[in-house]
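# Build me a structure from this.
(2 chains, ligands or ions: 2)
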Amino acid sequence: MSTMTTSRRSFLRALVAVAGSAAVAYRPSALASLVGGKGSMDTTDADYVFVVDIDRCIGCGKCVQACSVENHVPAGHFRTWVERYVRTAEGTWIDSPDGAINSFPPLAEDVTAAAKETTFVPKLCNQCDNAPCVQVCPVGATFKAPGGFVLIDPEHCMGCSYCIQACPFGVRFLNPATHMADKCDWCYHRVSNGLQPACATVCPTGARAFGDRNKPEGTVAEALEEDRWRILKPGMHAHNRVLYRRLPREVI
Amino acid sequence: MTSSTLPNEALVNYIFPNTHIDWSLMIVIYPYITGLVAGAFVVSALYHVFNVKTFERISRFALIAAFCFGLFAGVPLLLHLGQPQRAFNIFLTPNTTSAMSIFGYVYASYMLLLTVELWLTYREYIIQRAKETKGIPGVIWNVLTLGVRTYTPEAARVDHKVTVFLAAIGIPWAFLLHGYVGFIFGSVKANAWWATPLQPIVFLVSAIVSGMAMLLLMYTFIRWRARKAYDLDMIKTMTIYLWCIFLLAFTLETLEVVYAAYEQGHHWTVIGPLLAGPLFDSFVIGQVLTLSVLPILILGYAALSNVWGKPLLYLVNIGAFLLVLQVLFMRFNVVVGGQMLSKSDRGFAEFHLEVLGREGLIMAIIVFAAPFVTYYIISRIIPIFDDQPVRG
Ligand code: SF4
Ligand code: SF4
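Ligands and ions are numbered 1, 2, ... in the order given. Model prediction:
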C-alpha cells in the first residue's frame, strides 16, 4: 500500500513537472491567443477524435488525477470521471466515488455475487459538432474552435449556466472559483503545443487515445478502421467526437 | 429512496458527479415575476383592446402593478449570474442561435412600452401637478411632462388612440416575454421534464393565471386597508375569467404529464419515477391535488353560483391565494424538478434550500417584496383608483 502511495506521489510530481510549462501557458487570457496563435501547433487542419477503449480501462483513476492537477479542477467537480457499471439480473449498479479520482473501493459482497459483468467507463466532454452548449450560450462564450474543440472564453462567459443545462452528457459545471462554466477541453493548451491530453498521457493501459482523424495512429487508427465504435446518447444528435469501443448497452 | 422508484433499472441512485441544481430559487422567481407582469398587463389590455368594460375601473391599477413587477423581473437573473458585470453583453454580443440571447431586447422593449403607456395614461395628471407644485417636486413633475404643459381635448384623443395601440401590441409582446421563458426550458432536449413544445404555452397561460389572481388579492387588500367599497361586479367578472383561464392552464399542465405517461417513451422512464419519488409531495400533492383541484372547485362555485357580497370576497380570495401558490409551485416543480433528473438517467439530485446568500430564500423574499413596496410608493404619488385621490 505504501509503495503504491509513494509511486502515486512521485508519479504526480513527475506529472506536474511535465505539465508545468503548459500550465504556465494556461492562463485564461492566454487562451484566446492560443487559438491558432504564434508558436503553437496548427490545429486548423486537424480533425481530432478521442477514442475510449472500454475493454482496456481498469478504473485506476489516474486520468482523473492527472486532469485535476493539469486543469486545476476544483474539488467536487470533474472535467473527466470514470464510472463503474455492474450488470446484474435485477438491474444495473453504478458508482463513481469522487469521480474515481482515488480509483474504486472493492464492491460489496452481495453486489459481487450478483454481478454478471463489471465495466469501467471513462467520461469526458464529447466536443460535439452539433453541440447544444454552443447553440444555447447567449453571448457566444462557448464556441467551436478549429480541430473540433469546444472551448469556453473566460473573457465572455457570464455564468448563466444555460450550457450546463443544455449539455446532454453532464460534463459541464459552474466553477466555484471563477463563477464561470467549465468543462473538459481535451487539454487544448497541451494539444496546441504538440502534446497529448493529460489523461491520455497517463493512462497505463492506453484506454484513452487521442488523435487526428486525418492522420490516425495506434488505437485511433484501429478504432476508425474497425468502425464499430459507438457514441453516448446518439438520440441527442450532438455529433460526438468521443468514440467508445465496446461500449456495453447499459451505459448512458 | 428505494430502487423501485429509480429509473432505468438502476439499483442505486446514481447521478453524474457534476450534477448540481445550478438554477435555484432565483430562476424560480424570475419566471414567476415575469408571469405576473404578463398577467397583470393582460387585464389592463382586456379593457383597452377588447373593451371589457368592468375592467376599466382597474385598468390603471393593473398597468401599474405590471410596471412594478416588470421593474424587478431582471433582478433575479442578475443575482443568479456568476459574472453579473457582463450581463450587458447580451445586448452587445448576442449569440443569435441562443434563445436566451433575445431576452435583453424583449425585456427592454417591453419595459419601454409599459413606461410609455403608463406615461400617456397619467399625462393629464402630470401636467396638472407640474402646474400646481413648487420646489423640487415641482421640478420633477415638470421634467415628467417632457416639456408639454398643455392638455387639449385633441391631445387626449390622440393619447387614447396611442394607448389602445400600445395595449394591442403589448399583448403579443407580453406573450413573447413570457412564452420566451417557457421556450428556454421547453427547448432543452437534454432534460426530459422540460423538453416539450407545450412548455411556452403552459408558462404563458399560467402566467396570466398568476397575474389575475395576484391582482385580485392586491385589490381586495388595498380596498380593505383604505376602507373603500369593493367593486363586486368587477370581482365577479375577473373570477369568471380567472376560473376559465386556470381550467385551460390545468388542462395543459395535465396533458403534458398524461401524454408522457401514455406514450411510454424515453421521457416517461425518468418522469414517472421523478413524480413518484422526489416530486411527489410538491407536484402530486401540492401542485395538483391541493393547489389546482381546490381552486377549481372554489372558484368554480364563485363563478357559477349567485354568491355575492362577503362570501364572494372570501371565496375569491381563498381561490386566488391558492392559485398564486399553484403557479409558484409549478415554477418550482419545473425549474428545480427538471434539474433533479441527473443526465445519468439513473438517479435524482437532491435540492437543498439555501437560506442566506445571493440566491437564498431571504434574497428571494426581498426581491419578491420589492414590487409591492414600489407599488406602495407609487400609490402615494399618483392616484390609482378614482375614489382614492392622492395629495401628498
Ligand atoms: S459533451 Fe456537452 S459540453 Fe461537451 S461539446 Fe457536447 S454538449 Fe458541449
Ligand atoms: S455559463 Fe457562460 S458559457 Fe455557459 S451559456 Fe452562460 S455565458 Fe455561455
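
# After the helix or strand in which B:Ala155 is found, which helix or strand is next?
Using DSSP states H and E, the element containing B:Ala155 is helix B:153-186. Per DSSP H and E, the first helix or strand lying C-terminal to helix B:153-186 is helix B:199-226.

# model confidence over that next one, on average?
Across helix B:199-226, the average pLDDT comes to 95.

# Setting the sequence-adjacent residues aside, check what's closest to the residue of chain B found nearest chain A.
Distance from chain A to each residue of chain B (CB to the nearest CB) is smallest for B:Gly82, at 2.0 Å. (Each C-beta comes from the backbone N, C-alpha and C, glycine too.) Leaving aside its sequence neighbours, B:Gly82 sits nearest to A:Gly159 (CB to CB, 6 or more residues apart in numbering or on different chains; 2.0 Å).

# Pull up the residues of the stretch 51-200 of chain A that are close to ligand 1.
The stretch 51-200 of chain A comes close to ligand 1 at residues A:125-128, A:131-133, A:150, A:167, A:169, A:171-172, A:183, as judged by CB under 6 Å from any ligand atom.

# Can you list which of these are found in helices?
Mapping those onto helices (DSSP state H) picks out A:132-133.

# how about the residues of the stretch 51-200 of chain A next to ligand 1 in JSON lines, adding pLDDT, neighbour count and distance to A:Val191?
Formatted as JSON lines, those follow (pLDDT from 0 to 100; neighbours: other CB atoms under 10 Å in any protein chain shown; distance: CB to CB, whole Å):
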{"residue": "A:Cys125", "pLDDT": "98", "neighbour count": "23", "distance to A:Val191": "13"}
{"residue": "A:Asn126", "pLDDT": "98", "neighbour count": "25", "distance to A:Val191": "16"}
{"residue": "A:Gln127", "pLDDT": "98", "neighbour count": "27", "distance to A:Val191": "11"}
{"residue": "A:Cys128", "pLDDT": "98", "neighbour count": "24", "distance to A:Val191": "17"}
{"residue": "A:Ala131", "pLDDT": "98", "neighbour count": "24", "distance to A:Val191": "18"}
{"residue": "A:Pro132", "pLDDT": "98", "neighbour count": "23", "distance to A:Val191": "23"}
{"residue": "A:Cys133", "pLDDT": "98", "neighbour count": "27", "distance to A:Val191": "19"}
{"residue": "A:Val150", "pLDDT": "98", "neighbour count": "25", "distance to A:Val191": "13"}
{"residue": "A:Cys167", "pLDDT": "98", "neighbour count": "27", "distance to A:Val191": "21"}
{"residue": "A:Phe169", "pLDDT": "98", "neighbour count": "26", "distance to A:Val191": "20"}
{"residue": "A:Val171", "pLDDT": "98", "neighbour count": "27", "distance to A:Val191": "18"}
{"residue": "A:Arg172", "pLDDT": "98", "neighbour count": "25", "distance to A:Val191": "20"}
{"residue": "A:Lys183", "pLDDT": "98", "neighbour count": "26", "distance to A:Val191": "15"}
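
# out of the residues of the stretch 51-200 of chain A next to ligand 1, who's nearest A:Arg246?
A:Asn126 (17.5 Å; CB to CB).

# Let me see the contact set for the closest one.
A:169, A:171, A:231-232, A:238, A:240-242 (CB atoms under 8 Å, 6 or more residues apart in numbering or on different chains).

# Now do the phi/psi pair for it.
With angles defined as degrees, to the nearest 10, A:Asn126 sits at phi -80, psi 0.

# okay, now the closest residue to it other than its chain neighbours: neighbour count?
Spatial nearest neighbour of A:Asn126, chain neighbours left out: A:Asn240 (3.6 Å); criterion: CB to CB, 6+ apart. Neighbour count for A:Asn240, taken as other CB atoms under 10 Å in any protein chain shown: 24.

# ok, the contacts of A:Asn126 vs ligand 2, which is closest?
For these, the residue nearest ligand 2 by CB to the nearest ligand atom is A:Val171; the value is 12.3 Å.

# Pick out the residue in chain A sitting closest to chain B.
Proximity of chain A to chain B (CB to the nearest CB) peaks at A:Gly159, 2.0 Å away.

# Distance-wise, check that residue relative to B:Arg86.
Per CB to CB, to the nearest Å, A:Gly159 is found 8 Å from B:Arg86.

# Now A:Glu222: which helix or strand?
Using DSSP H and E, the element containing A:Glu222 is helix A:218-226.

# State the mean pLDDT of that helix.
Helix A:218-226 carries an average pLDDT of 96.

# I'd like to know which elements it is packed against.
strand A:48-53, strand A:208-212, strand A:242-245 (3 or more CB pairs under 8 Å, 6 or more residues apart in numbering or on different chains; DSSP states H and E).

# show me where the stretch 251-392 of chain B has helices.
Remark: helices assigned in the stretch 251-392 of chain B by DSSP state H, counting those that start in this stretch are B:266-276, B:293-304, B:309-340, B:361-381.

# Equivalent analysis for the stretch 1-150 of chain B, please.
Counting by DSSP H, counting those that start in this stretch, the helices of the stretch 1-150 of chain B are B:25-48, B:56-72, B:75-80, B:89-92, B:103-121, B:123-132, B:135-144.

# Quick one: closest of the ones you listed to ligand 2.
Judging the helices of the stretch 1-150 of chain B by CB to the nearest ligand atom, what sits closest to ligand 2 is helix B:89-92, at 8.4 Å.

# Dump the C-alpha coordinates for that closest one into PDB.
Extracted in PDB, the C-alpha atoms of helix B:89-92 (Å, rounded to 0.1, in the frame of the first residue of the first chain):
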ATOM      1  CA  ASN B  89     -23.100  41.700 -23.200                       C
ATOM      2  CA  ILE B  90     -26.400  40.100 -24.000                       C
ATOM      3  CA  PHE B  91     -27.200  43.300 -25.800                       C
ATOM      4  CA  LEU B  92     -23.800  43.900 -27.300                       C
END
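
# and it, which residues are buried?
Of the residues in helix B:89-92, B:89-90 count as buried by neighbour count, 16 or more other CB atoms under 10 Å in any protein chain shown.
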